[in-house]
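Peer 1: Fold the following, please.
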Amino acid sequence: MGLPGLSLASSQPRSRVAQLTLLSIAALVFVAIWDDYELSDLSWADADVARLRSADGGTCSAGGETASVGVPGFQVFTNAWYRSGTLHLYGDDLPEPDEVSSMRRLRVERHRPDRANASATVCFPGTTVFVNAQPGRKDFVRHYYHFAGEYVLGALAALAAADVAGSSAGAIEPASAGVPERLVVPWAKTWRDKWGLNAAVASGLFGADIIEPRTWRQLTRSGEWAYFERIVVVDRWASHRHNPAADVWNKMALPAFELGPPLDFFENARLRVLRSLGIAPATITSDGPIELSEVIGDANDDALQRATESAKPTIVYVDRQGSRRRLRQADHEALLLGLSQLQLEGRADVRDVPFETMSITEQIEVAASASIMLGVHGNGLTHQLWMPAGSALVEIFPPQAFVRDYQAVAQVLRHPYVCIQNDTVLDREQWEERMGGWGDKWLHTSTPIPVSADTVLEAVERLLADM
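Peer 2: Purely as a prediction, here's the structure:
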C-alpha cells in the first residue's frame, strides 16, 4: 500500500527528466545546425571560388616532387596535394605524418616522387598559410596573442627561414614580398576573437584571400584534387609533441622562431597591416622597394609629419587599471608621475593608453608609434608586433610569475626586452634557469600587482640612453 503523495512525488522527477531530455535534444539539434551555419564564415562569391576551381589546374601549374623544410608544427612544403581530408606529399625526405598534423581530420600520406599528381581541379598559387586547428581541442586560435603572435608570426618565421634554406639549396623559390597570398582556416570556424583583432590582422595581411570552413568545403569537394604551390601547415600540438622547446615553455612557435629567419622577416607584413588601416609607420627598415607614400596611403599631413620629423622617443604605457590584472593603484600613480617627468624634461613623449577603450585602428596606430612599450603581462603587449624595428618592451609580472609569451615575440622581432618583478629586473639567465616558466596561477587572480616605479623608470631610462 502506497503512501499518500507518492505518485505525485514520483511524477515530478519524471517530468523533470523529460524536460532535460527535450533540452538535450534541442541542444544537439542546435549544434548540428550551427556546425553548418557559421556566422563568421563569410563565403566567397561564386567568381572567387571559380578563380581557384578550374578544369586546367587554375592559374598555377601543378609541380612535381615535394620539397620540405621547417620543424614539426610549422612544416613548409612546395608541391603538395589535398584530397578528401588527406594531404599528399611526393618525395624521399619528408617528415613523419604526425610531425605535420596532430588531427585525424587532416591525414598525411607520403608517396614516391615519381607518383606525383600532374593535375588538380583546385589550384592554390603562391604561398598558403594553413591553420590546422579545431575548436574544442584548446588550440587557442581565437586568442589574439596565440593567433597573431604564434600561428601567424610562427608561420612567417618558418617561411622566411625556408626562403633562406631553399635559396641556398636551390629547392624552394623565395617568396617575392615575404607575405603569403592567403590564409586557410579549414576547421576552426570560431577563429575570430570577439574584439575583431584577429580579423583585422588577417585582412591586413591577406586581404580577401581568407578561406574559412564553408568556403573550404566548397573548394574541396569529395574526390577532387587540390594543389598547393607552397604551403606552411601550422599545427599547435604537432609542435608541442615533437619540439622540446615548445613543450617545456608551452610556446608552440618557439621552434619556428629558432629557425633563424632574417632580421627583418616581419617588416613587410607589419607595413602591410599598417597600410591596410591607413597608419603612417614611425620608421621604415624594410630593404624592399617600399616608398613612404605608398605605405601610408591616405594618411593626413599631421600623421606624416609625426612619422618623419619626431626626434623624441615615444613611451607607450599599456594601462590595465580597468582590468582584473592591474597594478596596485599607488604604484600605478607613482609610475605615471615618473613617466610624466620624463616628458616634462623633453626626453620622451609619453602615452597612457587603456587599449580596451580604443578602436582597433587607434590601438595599432599607438603601438606603431612606440619606441618603448611597457605594461603588465597581458594581451595588449601583443601589439608590439606593430612597433618599429629597434623598439623595446618592458613587461611587468607578479613577483611569483613568469611566462614567455611576449618575451618570445620580442626575441624573434629583435626588440630589447626587460622583465620586472616588483623591484627586481629578471635577466635572461635567471628565468632560463627555471625551465618552463612558473606561477601562471598568479596571472589569473584579481590581486593587484606590486611594482617599484623606480625600478621600471630606471629600466626605461637605460633603454632611452641606448636609442
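
Peer 1: which residues in the chain form strands?
Peer 2: For the chain, the strands defined by DSSP state E occupy 67-71, 74-83, 86-90, 107-111, 122-131, 182-184, 210-211, 226-234, 314-318, 349-353, 372-376, 392-397, 417-421, 424-426.

Peer 1: Those strands: which one's closest to G439?
Peer 2: strand 392-397 (8.0 Å; C-beta to C-beta). In short, each C-beta sits where N, CA and C put it, glycine included.

Peer 1: Need the contact partners of that closest one.
Peer 2: With contacts defined as C-beta atoms under 8 Å, 6 or more residues apart in numbering, strand 392-397 is touched by 327, 371-377, 381, 384, 387, 406-407, 410, 415-421, 426, 443, 449, 451, 456, 459-460, 463.

Peer 1: re earlier: can the strands of the chain go into JSON lines with extra columns for mean pLDDT and mean neighbour count?
Peer 2: Output for these, formatted as JSON lines (pLDDT from 0 to 100; neighbours: other C-beta atoms under 10 Å):
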{"stretch": "strand 67-71", "mean pLDDT": "94", "mean neighbour count": "23"}
{"stretch": "strand 74-83", "mean pLDDT": "95", "mean neighbour count": "26"}
{"stretch": "strand 86-90", "mean pLDDT": "95", "mean neighbour count": "21"}
{"stretch": "strand 107-111", "mean pLDDT": "96", "mean neighbour count": "16"}
{"stretch": "strand 122-131", "mean pLDDT": "94", "mean neighbour count": "23"}
{"stretch": "strand 182-184", "mean pLDDT": "97", "mean neighbour count": "23"}
{"stretch": "strand 210-211", "mean pLDDT": "96", "mean neighbour count": "24"}
{"stretch": "strand 226-234", "mean pLDDT": "95", "mean neighbour count": "26"}
{"stretch": "strand 314-318", "mean pLDDT": "98", "mean neighbour count": "24"}
{"stretch": "strand 349-353", "mean pLDDT": "97", "mean neighbour count": "18"}
{"stretch": "strand 372-376", "mean pLDDT": "98", "mean neighbour count": "24"}
{"stretch": "strand 392-397", "mean pLDDT": "98", "mean neighbour count": "24"}
{"stretch": "strand 417-421", "mean pLDDT": "97", "mean neighbour count": "22"}
{"stretch": "strand 424-426", "mean pLDDT": "95", "mean neighbour count": "15"}
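
Peer 1: ok now do the most centrally placed residue in the chain, which residues does it touch?
Peer 2: Nearest residue to the geometric centre of the chain (C-alpha atoms, centre = their mean): A148, 1.8 Å. For A148, the contact set (C-beta under 8 Å, 6+ apart) comprises L197, N198, V201, T382, L385.

Peer 1: repeat for G436
Peer 2: Going by C-beta under 8 Å, 6+ apart, G436 touches V248, W249, N250.

Peer 1: The closest residue to the second one other than its chain neighbours: what's it in contact with?
Peer 2: Once its chain neighbours are removed from consideration, W249 has its nearest residue in R404; the separation is 5.1 Å (C-beta to C-beta, 6 or more residues apart in numbering). By C-beta under 8 Å, 6+ apart, the residues touching R404 are W249, K251, L254, W431, G437.

Peer 1: pLDDT score assigned to the residue nearest to the centre of the chain?
Peer 2: With respect to pLDDT, A148 scores 98.

Peer 1: Ok, A27 next?
Peer 2: For A27, the model assigns a pLDDT of 50.

Peer 1: how near is A246 to E258?
Peer 2: 10 Å (C-beta to C-beta, to the nearest Å).

Peer 1: S68 touches L87, doesn't it?
Peer 2: No - S68 is beyond contact range of L87, at 11.6 Å (criterion: C-beta atoms under 8 Å).

Peer 1: Comparing A246 and E258, which shows the higher neighbour count?
Peer 2: Ranked by neighbour count (other C-beta atoms under 10 Å), A246 and E258 place A246 first, with 27 against 17.

Peer 1: Would you mark the buried spots in stretch 332-339?
Peer 2: Buried residues in stretch 332-339, counted by 16 or more other C-beta atoms under 10 Å: H332, A334, L335, L336, G338, L339.

Peer 1: got the contact list for it?
Peer 2: Counting by C-beta under 8 Å, 6+ apart, 315, 317, 319, 321, 326-327, 350, 352, 451, 453-454, 456-457, 460 sit against stretch 332-339.

Peer 1: can you do 7 Å?
Peer 2: Stretch 332-339 is contacted by residues I315, Y317, Q321, V350, D352, A453, V456, L457 when judged by C-beta atoms under 7 Å, 6 or more residues apart in numbering.

Peer 1: List the residues that contact the first one.
Peer 2: Applying C-beta under 7 Å, 6+ apart to I315 gives the contacts L339, A348, V350, R351, S371, I372, L374, V460.

Peer 1: same thing with the fourth one?
Peer 2: Remark: with contacts taken as C-beta under 7 Å, 6+ apart, V350 is in contact with I315, Y317, L339, S340, L342, Q343.

Peer 1: what bridges to it?
Peer 2: Taking DSSP bridges as the rule, V350 bridges to I315.

Peer 1: what's the span of stretch 113-127, first residue to last?
Peer 2: End-to-end span of stretch 113-127 (C-alpha to C-alpha, to the nearest Å): 21 Å.

Peer 1: To clarify, my last question referred to stretch 240-248.
Peer 2: End-to-end distance for stretch 240-248, by C-alpha to C-alpha: 8 Å.

Peer 1: same thing with stretch 102-122?
Peer 2: Stretch 102-122 end-to-end distance (C-alpha to C-alpha) = 25 Å.

Peer 1: Would you mark the buried spots in that stretch?
Peer 2: Under the neighbour-count criterion of 16+ other C-beta under 10 Å, stretch 102-122 has S102, M103, L106, V108, R110, A116, N117, A120, T121, V122 buried.

Peer 1: Could you pull up the contacting residues of the second one?
Peer 2: For M103, the residues meeting the contact criterion (C-beta under 7 Å, 6+ apart) are N132, Q134.

Peer 1: Show me where the stretch 351-467 of the chain has its helices.
Peer 2: Counting by DSSP state H, counting those that start in this stretch, the stretch 351-467 of the chain has helices at residues 360-368, 405-412, 428-433, 453-465.
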